[in-house]
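Visitor: Dropping a prediction and its sequence here:
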Amino acid sequence: MTDRIVGIDLGTTNSLVAFMQGDRPVVIPGADGVNLVPSVVALDDKDQIIVGNAARKYLIETPERAVYSIKRLMGRGIEDIQQELKLFPFRLADDLQTGEVLRIRLGERTFTPPEISAFVLRQLKRNADRFFNAPVTKAVITVPAYFNDAQRQATKDAGRIAGLEVLRLVNEPTAASLAYGLDKKQNGIVAVYDLGGGTFDISILKLHDGIFEVVATNGDTHLGGDDIDNLLITIALDDIRGDMGLDVSRDGEAVATIRKAVIEAKIALSSQPATTLEVELPGGKHYLRKIAREQFEQLIQPIIDRTVGPCKQALKDAGLKPEQIDEVVLVGGSTRIPKVRVLVEAMFQRKPHTDLNPDEVVALGAAVQANILSGGSEATENMLLLDVTPLSLGIEVAGGVTDKIILRNSTIPASATQHYTTQVDGQTNVAIHVLQGERELAKDCRSLARFELKGIPSMPAGIPRVEVKFLIDANGILHVSAREQRSGKEAEIEVQPSYGLTDEQVESMILDSFDSAEEDFRERQVIEARNEAGTILAALEKGKRSPAWGQLTSAEKKRIAKLEKALNEVKSEDDYQAIRTAIDALNQGTMRLAELMMDSAVSTALKGKTMDQADMGEGPDAPHPVAKAEFE
Amino acid sequence: MVIDTSKTISAPASGDTTASCWSCGDMRAAHFCHACGKVQPPLPVNYFSFFGLPRKLNVDVLRLERDFYELSRKLHPDLNARADKREQEWSLEQSSLLNDAYRTLKDPIKRTQYLLRLEGVELEEQSKTATEKARASGEVKKQIVPPDLLEEVFELNMQLEELRMNKKMGEHDPALVKDLEAHKAQFEKKYEELAEELKGHWNRWDQAVDRNNGDERRGALDSMVDLLNRRSYIRNLVRDVNEALGN
């Protein structure tokens, strides 16, 4: 049997893993039975990584040790996240240099966005491993259609760090269409409107006998439910400042509490006409505010209106009028908002489909794509996805102008060749600046990389002819290769990626090394527990020789012997928790012995102390029972 | 972004390597094996020969689409994800070639430009970089005005100048704006008409290919170059008017 490939939706707010069970894609639940894994990562007080639902409480309790919506920072540099920093409690590392990959502080440690995403992916991988009772190593991961090269690469890196071979990055709206298309094998034009937690995509597809051909896509990688939350938080903070004279905007815990409350209110307003926002503030004061749906809709109108432009552009690029769209599909949690549905219906002049759960449909589609990649099945027979690159690829030419060489909405894989020559005699290097975006000037486009063609044979100016091939693969990721045509020599390329991790950095981050750090942590725990067991057993031997021993009943002695035996048995095993349990039991069982051993004068004062505490002579040499865990 | 220096990719050569069965003309034979379905290494083909088409400009777009879908079902990397590394590389190259070829040939203008390039013609259109550079630096790129447009362009430029002056002075002349809009509409109409005219040149070219008539071929090429230049000139003009009007 071929390797199992899972489909993963690595979302801004929630992540899911799914696979094809027979002819249907299904979501794999976590150990808690829940399908959605919140994309929240936290460090607990033992510096252990906590992911998902369990991590959510840390957002409020220890916000400086927790992070959410990390997807917003994937593949981005410090200069393009200034806006996010105002709205999100991201804590950047203090020593961050310009041009360096971002690092986020969690407690005392720092992590890059791909590493944080990798923690989420690893949780999903564990859920899948547990479900299949076998390790899963291959995955299809979805990304917003409008993600650029750097954001895609960062997502792929996250997969690698999590120990997953990422066979394909699939665009989220396209994946959703696959999940829908499974049921309705029909031909026609479909528009997928995907408004998630942090990103918005619109994709227009042509369905033709199982071929899902994307004809145009557009979007905004910084538009989603988060923006609605932030707007409501800002209003609440203003209210609290105005009405109560209290500025809690710098209080991480208070802001996190308000955030939780506004999200609940937002969700409630999708099904009820009004709700009350209620927040308990530091000092015990309560902030109460009634919100009517109508009022909420007015507030969010400017945000959801931002989806109109990309939709119009996608229609224009596809050469279609709204009435030519046969079906509209809604994806993403934010499309549960009735006002969003009204907007979509008005724009495309038809009622959108909502039959599949908008939170799950992307993961389900990823599972369908995973099935296609693994050779297909009866259900996916004849299905093929032809996706496009969302952004034009260009190179900088004289005057700081972008020369577009692969236009947006080109079906991928796509390629372009460019020819370069030298400007002066004997020149052996040529510099190339690769850009992504639609703007005319290079400075307004996204810089992907600068690279230098080296080792061009020394010839008079203008004679060398270096052919550079740019190829965007089926993941939407750019590959570059070069050849000097006169000499037939391959030109060497030296790359300076504008954003992103180097291969070496990714290698060093792979979570196996993190797992081994956890392994180290466990080993240390075992050693410490064994030491402690040795201490208490030694103290017991001493006690047996003391006159106090004779004062115990035979039942007490028998019980102590049993507990001693139990501790001796688990002591040699690697389970530190079992050793600790046995230590605790023996401590409890020898409580009376410890008391009796005390001098009657001190015995009253030391009542309730345990064996090794009573044996003060050994105290200073005993290892600290819970040494602070640290691992790197 | 991934940089790969380990391989060189052969670009479509300018000579026509036939990518079709020598006997029945079926181009699929060149790209994947009919017996086992395996993807074949890419041949040095041009976009026409990739689809087994002659170097002619009248193309049956529906048939092209059908062939595109059929070849996609064989060549796409998704369907070769389990093949060995070498086959996966061929699949990637073949399907990017397929996509590039389809994208170029299905569009009448891109198809024409591509043919001209294959025939060794460097189009004015090709120097769009220079145009954009000039725009970026705020200079006016020197372009030869197509003679038949000379009068209208002259008038239009006067009006544009006037409009810009008005803007500077903070004045608004609705009559002038209306005039410009009318002018623009005229040029847009001309632009549309060029598509019809182009088809005439296509026919001339295709017939010349059939008859293997070198003079006719050159004549057709020259007419197409001239037409595309006029087209890009009008397009720039319309863009300038739109910009001036703030559209």
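Guide: Arrived safely, thanks for sending.

Visitor: What does the nearest residue to residue A:439 once chain neighbours are set aside show for phi and psi?
Guide: Excluding its sequence neighbours, the residue lying closest to residue A:439 (C-beta to C-beta, 6 or more residues apart in numbering or on different chains) is residue A:445, at 5.3 Å. The C-beta positions use only the backbone N, C-alpha and C, and glycine is treated the same way. Main-chain dihedrals, residue A:445, degrees, to the nearest 10: phi -100, psi 170.

Visitor: Run a quick neighbour tally on residue A:445.
Guide: Look at residue A:445: counted by other C-beta atoms under 10 Å in any protein chain shown, it has 23 neighbours.

Visitor: Pull out the CA atoms of stretch A:449-456 and give them to me as PDB.
Guide: This file holds the C-alpha atoms of stretch A:449-456, laid out as PDB (Å, rounded to 0.1, in the frame of the first residue of the first chain):
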ATOM      1  CA  ALA A 449      15.300  37.500  -4.100                       C
ATOM      2  CA  ARG A 450      18.300  39.100  -5.500                       C
ATOM      3  CA  PHE A 451      20.700  36.800  -7.200                       C
ATOM      4  CA  GLU A 452      23.900  37.000  -9.100                       C
ATOM      5  CA  LEU A 453      24.900  35.000 -12.200                       C
ATOM      6  CA  LYS A 454      28.500  34.200 -11.700                       C
ATOM      7  CA  GLY A 455      31.200  32.700 -13.700                       C
ATOM      8  CA  ILE A 456      30.100  34.100 -17.100                       C
END
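
Visitor: pLDDT of it, averaged?
Guide: For stretch A:449-456, mean pLDDT is 80.

Visitor: And that stretch, what's buried?
Guide: A:449, A:451, A:453, A:455, A:456 (16 or more other C-beta atoms under 10 Å in any protein chain shown).

Visitor: tell me the phi and psi of the last one?
Guide: It refers to residue A:456. phi -70, psi 130.

Visitor: circling back: okay if I get the buried residues of stretch A:449-456 as a markdown table plus distance to chain B and secondary structure?
Guide: As requested, the buried residues of stretch A:449-456 are exported to a markdown table (distance: C-beta to the nearest C-beta, whole Å; DSSP: H, G, I helix; E, B strand; the rest coil):
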| residue | distance to chain B | secondary structure |
| --- | --- | --- |
| A:449 | 5 | strand |
| A:451 | 7 | strand |
| A:453 | 10 | strand |
| A:455 | 10 | coil |
| A:456 | 14 | coil |
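
Visitor: Let me see the ranges of the helices in chain B.
Guide: B:47-50, B:61-75, B:85-106, B:108-118, B:128-136, B:150-169, B:174-211, B:214-245 (DSSP state H).

Visitor: Just say which of those helices is most tucked in.
Guide: Among those, helix B:47-50 has the highest mean neighbour count (mean count of other C-beta atoms under 10 Å in any protein chain shown), at a mean of 24.

Visitor: does chain A sit close to that one?
Guide: No. Under the criterion of C-beta under 8 Å from any C-beta of the partner chain, chain A is not reached by helix B:47-50; the shortest gap measures 12.0 Å.

Visitor: counting contacts, what elements does that helix pack onto?
Guide: helix B:85-106, helix B:108-118 (3 or more C-beta pairs under 8 Å, 6 or more residues apart in numbering or on different chains; DSSP states H and E).

Visitor: Quick check: which ranges of chain B have low pLDDT?
Guide: Counting by pLDDT under 70, chain B contains low-confidence ranges at B:1-29, B:123-145, B:247.

Visitor: for chain A, same thing?
Guide: For chain A (pLDDT under 70), the answer is A:1-2, A:182-185, A:489-498, A:511-521, A:524, A:599-632.

Visitor: Can you give me the domain assignment for it?
Guide: Annotated domains of chain A cover A:5-223+A:306-386, A:225-304, A:393-499, A:511-621 [automatic domain parsing].

Visitor: Distance-wise, check the residue sitting nearest the centre point of chain B relative to residue B:43.
Guide: Ranked by distance to the mean C-alpha position of chain B (C-alpha atoms, centre = their mean), the top residue is residue B:110 at 1.5 Å. Distance, residue B:110 to residue B:43, using C-beta to C-beta, to the nearest Å: 22 Å.

Visitor: Do I have it right that residue B:205 meets residue B:112?
Guide: No. Assessed by C-beta atoms under 8 Å, residue B:205 is found out of contact with residue B:112, at 9.1 Å.

Visitor: which neighbours do those two share?
Guide: Listed as contacting both residue B:205 and residue B:112 by C-beta atoms under 8 Å, 6 or more residues apart in numbering or on different chains are B:57, B:224.

Visitor: circling back to that earlier point, contact partners for the closest residue to the residue nearest to the centre of chain B other than its chain neighbours?
Guide: Spatial nearest neighbour of residue B:110, chain neighbours left out: residue B:104 (4.8 Å); criterion: C-beta to C-beta, 6+ apart. Neighbouring residues of residue B:104 by C-beta under 8 Å, 6+ apart: B:47, B:110, B:111, B:114.

Visitor: And for residue A:277?
Guide: A:232, A:236, A:261, A:262, A:265, A:287, A:288, A:289, A:290, A:291.

Visitor: Figure out the helix or strand that the fifth one lives in.
Guide: Mapping residue A:265 onto the secondary structure by DSSP states H and E places it in helix A:252-268.

Visitor: buried ones in that helix?
Guide: Buried, per 16+ other C-beta under 10 Å, within helix A:252-268: A:252, A:254-259, A:261-263, A:265-266, A:268.

Visitor: Redo those residues as TSV? Include distance to chain B.
Guide: Formatted as TSV, the buried residues of helix A:252-268 follow (distance: C-beta to the nearest C-beta, whole Å):
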residue	distance to chain B
A:252	36
A:254	42
A:255	37
A:256	36
A:257	42
A:258	40
A:259	35
A:261	42
A:262	38
A:263	36
A:265	42
A:266	38
A:268	42
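
Visitor: ok, of the residues you listed, which one's closest to residue B:90?
Guide: residue A:263 (49.3 Å; C-beta to C-beta).

Visitor: isn't the closest one right up against residue A:229?
Guide: Yes. Using C-beta under 8 Å, residue A:263 is in contact with residue A:229, at 5.8 Å.
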